[in-house]
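>>> Just to be clear, the model below is a prediction. Sequence and coordinates:
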Amino acid sequence: QVQLVQSGAEVKNPGASVKISCKASGYTFTSYYVHWVRQAPGQGLEWMGGIDPRDGRTSYAQTFQGRVTVTRDTSTTTVYMEVTSLTSDDTAVYYCMREAVDDSPRGQPFDIWGQGTVVTVSS
Amino acid sequence: DIVMTQSPDSLAVSLGERATINCKSGHSVLDSSNNKNYLAWYQQKPGQPPKLLIYWASTRESGVPDRFSGSGSGTDFTLTISSLQAEDVAVYYCQQCFSTPYTFGQGTKLEIK
């Protein structure tokens, strides 16, 4: 079935980096963008960025520009997100989700979400 | 960035009654070239990822019960649950996909009265 399966929970020290994976299956990988959203404890949803799996072109929220990198491996249909210079404010659940590729300037809804990856930043 | 504001922040409704959640965008999310509103609604239950309920403001995602409906255009939108069921207890988010950065409302917590 169509699914996005994320890597497991991570615990990191402040200043470290974390790299989370999102494995896509059950659909044509290049037909859907993959995005990342995070949710701090008890808080709402914050879009971080996304990638076009066809060519690897990325888009990031200004808040995360320079600190977040999203990549993809088409051979394994996996998308990765790396966050550097972690602080306690980065403690959150990180979700990947897909959006249908549509070359219009407007977006499509996120119809499939990964299960989430808990990242805890603590010394 | 397009700011999305939901109201109320929390809501308690009796089983079988109607629940209404509002969402206002700081910029119109209506694309006049195709008359589509780029507004989606998601439901999030504790410990789970969000689930897509409604897109293009009023189109129900496959498998979503018909007691869920969306309405509105431009900058003002509404999610309505016509007859609240116990399994509808969740936090509901609106989201605009009109332009990046895609932004979400702060969420509305729906509980049983």
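Yep, it's here. Numbering: from 1, shown residues only, chains lettered A, B, ... in the order given.
>>> list the contacts for the closest residue to A:W113 other than its chain neighbours?
Leaving aside its chain neighbours, A:W113 sits nearest to B:P49 (3.9 Å; criterion: CB to CB, 6 or more residues apart in numbering or on different chains). For glycine as for every other residue, the C-beta is placed from the backbone atoms N, C-alpha and C. Neighbouring residues of B:P49 by CB atoms under 8 Å, 6 or more residues apart in numbering or on different chains: A:95, A:97, A:113-116.
>>> Quickly note the distance from B:P49 to B:E111.
Shown here: B:P49 relative to B:E111, a distance of 20 Å by CB to CB, to the nearest Å.
>>> go on, B:S58?
25 Å.
>>> the more surrounded of those two?
The neighbour comparison of B:S58 against B:E111 (other CB atoms under 10 Å in any protein chain shown) goes to B:S58, with 17 against 13.
>>> Contacts only, for that one.
Applying CB under 8 Å, 6+ apart, the residues near B:S58 are B:37, B:69-72.
>>> on that earlier part again, and the residue nearest to A:W113, helix, strand or coil?
At B:P49, secondary structure determined by DSSP: H, G, I helix; E, B strand; the rest coil is coil.
>>> A:V11: which of the contacts of B:P49 is nearest?
A:G116 (15.4 Å; CB to CB).
>>> Could you report the pLDDT at the closest one?
As predicted, A:G116 sits at a pLDDT of 98.
>>> May I have the phi/psi pair for residue 34?
No chain specified, so I'll use chain A. Dihedral angles of A:V34 (phi, psi; degrees, to the nearest 10) stand at phi -120, psi 130.
>>> So for it, what's the nearest residue that isn't a sequence neighbour?
A:V79 (4.3 Å).
>>> Is the one you found in a helix, a strand, or coil?
Put simply, A:V79 is strand when judged by three-state DSSP.
>>> Determine the number of other residues adjacent to it.
A:V79 has 28 nearby residues by other CB under 10 Å.
>>> That one contacts A:G56, correct?
No: contact between A:V79 and A:G56 fails when scored by CB atoms under 8 Å: they sit 10.1 Å apart.
>>> Give the burial count for the closest residue to A:T78 other than its chain neighbours, as a bare number.
If the residues on either side of it in the chain are set aside, A:T78 comes closest to A:K23, at 4.9 Å by CB to CB, 6+ apart. The tally of other residues near A:K23 (other CB under 10 Å) stands at 16.
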